[in-house]
Structure formats: structure tokens, C-alpha cells
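Visitor: task: produce atomic coordinates for the following.
(one chain, ligands or ions: 1)
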Amino acid sequence: LVYRGYNIHDLAQNASFEETCYLLLHGALPTRDQLEWFERDLRFARAIPPTVIDIIDHVKAAHPMDILRTAVSATVALDESSHEATGEVALPVARRLIAQVATIVATMHRLRAGLDPVPPRHDLTHAANFLYMMFGTEPSPEHAKIIDLDLVLHAEHSSNASTFAARVAAGTAADIGSAIVAAIATLKGPLHGGAAEAVQKTVEEIGDPERAVAYIKERIEAGEKVMGFGHRVYKTDDPRAKELRGVARDLGHKMGNDRWFQILQEIERAMEPYRPKGIYPNVDFYAGAVYSLLGIPEEQFIPMFAVGRMPGWA
Ligand code: COA
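Guide: Next up is the predicted model:
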């Protein structure tokens, strides 16, 4: 997996989400000055219009991806400077939407939980501010770093289904906001964005590592697909799963929950016979456990994917 010529493992180890966004939007990593300007631009674009907060409140009982799609659509409809379909207009809109989608997701989470939205802060990174807006307290640097890594890993994946949908919309000379809305609509499908949530549900249903192998065998024999496995492109280890495997293990250990990781390992073991078919764990396999350990509810997993994929779509 390569973003603009950089191997994903290099970016995962060395680049922040903001640097990755710059790389994807501009085609090269930023200099120190360019990064400073870019980060500042993102930080001051975080707030969403009060009308959008009201709209989220009105539709908060809907599926989180329907809320996200509606809120992004309203955000671009209210932004009169975003409607022209040119690169000059699209770039600043892309920066604003990258910043605002994180705020929309956190706002929807707060309103659904019956809590007041937490306004964004300007002094935190994109990842740290996202956790701050979700939970109302400043996250530890370690947790912010994990979300930063997760966003980098989700940032781009060439012409996957949602990006393809965005390209179809953009190819008709629709504006970038419309293209992003098409992408969000497509990400909602359980075969694309929904797998992390399904994996975490499976882990919780299995409950005990010793039950994992029998559970998976039953699912396969019933002709069901095992969520978090298989990929249209990778017929080998998904490089993003490799990165998240260690994070899930270490975070679980630190938080006194080794059980979820053990269950995931047992599921992997049960799926080993399917490797010759090219069925390996994908990015979603470990992401769900990481999100759950950080306190992000399952219903927000697909919106989290959208927060990460924004620069790729843009
Ligand atoms: N569990 C069990 N069997 C699977 C499987 C899974 N997750 N994914 C694929 N297979 C099987 C297929 O049924 C097919 O079997 P067959 O040869 O007997 O017909 C074989 O493995 C090859 O499938 P393949 O062509 O490689 O998959 P695909 O390209 O049609 O589908 C996905 C790719 C992602 C849609 C599919 O793997 C899937 O639905 N995975 C679960 C959902 C998921 O995790 N999505 C997130 C993707 S990042």
C-alpha cells in the first residue's frame, strides 16, 4: 500500500495524520513551514455551523452514517464558496471538510448519548482534538497517537468502492462536497465500512478464546463470511492489519483486557486453512478492538473510518 510514492509502513512510523493529509492533497510531504500553515488551517476550520448541530440533533436517532451523510451535505450546502467544481475551490473545501467531519462525528456521538457537544480546541492535533470532542477530556498522548496512526492507516486506498463512487460524482463535474457525500453513502455498506463493527460484535459474542475455533467453523460451514477477513485487492496480509495487530495487543494489555486480543488470535488461527484462497485479516480485523478499548462505541466505527478516509476521497 503506497500513498503518493510512500510505503504505508514508513508513513505509519513517521508521519502524522496532518502530514499524510498534506501529502495526499498536494502530492508531496510538507516542509516545516508548509506543515505549520496547513495544521493551522485545519485547526481553525474545526467548528461546524450551529445549523448543522441542530440538524444532527434532529436526525440523531438515524443510522450514524445517515447522520454523517446528512450533516456533511448540510455543511457544504451552507458553504456558498464550495459549490464550484474547480481545483482552486476544491482544495480549501477539502481542508475544511477534513477538519469538520471529525467535529460532526464527535457531535453526533455526544448528542446521541444525551450529552452537550464539546466545541473543538485549537491547541490539539487532529487526533487528540477528536478524542477531546468525543469524551470532553484531553486524551493521553499515547491514546492520541493510536488514533493518529489509525487515521493514517485509513487515509487512502486508491479506487476502493467509496472512492470510486466519489470519482463518479466528481467525474460529472459535481462539486467536491457532492463527491464526498457519495463516498459516505457508499462507505455505509457492511461489505465496505461495516466490517470493524461486525468483528467486534463477533469477538463479544464468542466471549472466550476457547470457543473461537468452533464458532468460526460453524459460521464457515453455514456458508457465512467471516467479517474482517478477505479483500478485493490483498490476497495476502493487509499491511494495515499488521500495524494494528501490535497496537491491539499492547493497548489491551495496558488496559487489563487481554481477552479480546486472544479471541482475535484464535479467530486468525481458525482461518489459517483459508489462506491458500487468499483470505487474510484486513484493516477492520483489529481496528474494532482498538476503538472499543479507547471507549469509542461500535456504532461510531464506520464514521471513524470516514474521518480517516477524508483526505483519500478529497
Ligand atoms: N470469510 C469466508 N470466506 C470468504 C471471505 C470471508 N471473509 N472472503 C472471501 N471468502 C471466500 C469467498 O466466498 C470465495 O469462496 P469460493 O472460492 O468458494 O467462492 C473465496 O473466499 C475467494 O473470495 P474473493 O474473491 O477473494 O473475495 P471477494 O473479492 O469476492 O470479496 C470481500 C472481498 C472483502 C467483499 C470479502 O472478502 C468479504 O465480504 N469479507 C468480509 C467483509 C469485510 O471484512 N470487509 C472489509 C474489507 S476491507
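
Visitor: residue in the stretch 51-200 of the chain nearest to the ligand?
Guide: Closest contact between the stretch 51-200 of the chain and the ligand, by Cβ to the nearest ligand atom, is at residue 195 (3.5 Å). Every C-beta, even on glycine, is put in place using the N, C-alpha and C of the backbone.

Visitor: which ones are touching that residue?
Guide: 227, 228, 282, 284, 285 (Cβ atoms under 8 Å, 6 or more residues apart in numbering).

Visitor: greatest separation within those: which pair is it?
Guide: Greatest spacing in the contacts of residue 195, by Cβ to Cβ: 227 and 282 (9.3 Å).

Visitor: got the residues of the stretch 151-300 of the chain near the ligand?
Guide: 191, 195, 225-232, 277-279, 282-284 (Cβ under 6 Å from any ligand atom).

Visitor: repeat that with 5 Å
Guide: Within reach of the ligand by Cβ under 5 Å from any ligand atom, the stretch 151-300 of the chain has these residues: 191, 195, 225, 226, 227, 228, 229, 230, 232, 277, 282.

Visitor: so which residue of the chain comes closest to the ligand?
Guide: residue 230 (2.1 Å).

Visitor: before we move on, back to that, what's the closest of the contacts of residue 195 to residue 259?
Guide: residue 285 (16.1 Å).

Visitor: that closest one should be in a helix, yeah?
Guide: Yes. Membership of residue 285 in a helix is supported by DSSP: H, G, I helix; E, B strand; the rest coil.

Visitor: need the pLDDT of it.
Guide: Per-residue confidence (pLDDT) for residue 285: 95.

Visitor: same thing with the one 3 residues further on?
Guide: Residue 288 is assigned a predicted lDDT (pLDDT) of 94.

Visitor: now do the one 10 residues further on
Guide: At residue 298 the predicted local distance difference test score is 95.

Visitor: just give me the neighbour total for it.
Guide: 17 (other Cβ atoms under 10 Å).

Visitor: check contacts around it.
Guide: Counted by Cβ under 8 Å, 6+ apart, residue 298 has contacts 197, 200, 201, 288, 291, 292.

Visitor: show me which residues of the stretch 1-150 of the chain sit near the ligand.
Guide: Counting by Cβ under 5 Å from any ligand atom, none of the residues of the stretch 1-150 of the chain come close to the ligand.

Visitor: please, where are all the strands along the stretch 1-150 of the chain?
Guide: Applying DSSP state E, counting those that start in this stretch to the stretch 1-150 of the chain gives strands spanning 2-3, 6-7.

Visitor: deepest of those, which one?
Guide: Burial of the strands of the stretch 1-150 of the chain is given as mean neighbour count (mean count of other Cβ atoms under 10 Å); strand 2-3 ranks first at a mean of 16.

Visitor: mean confidence score for that strand?
Guide: Mean predicted confidence for strand 2-3 is 98.

Visitor: pull the distance from that strand to the chain's centre.
Guide: 17 Å (Cα atoms, centre = their mean, to the nearest Å).
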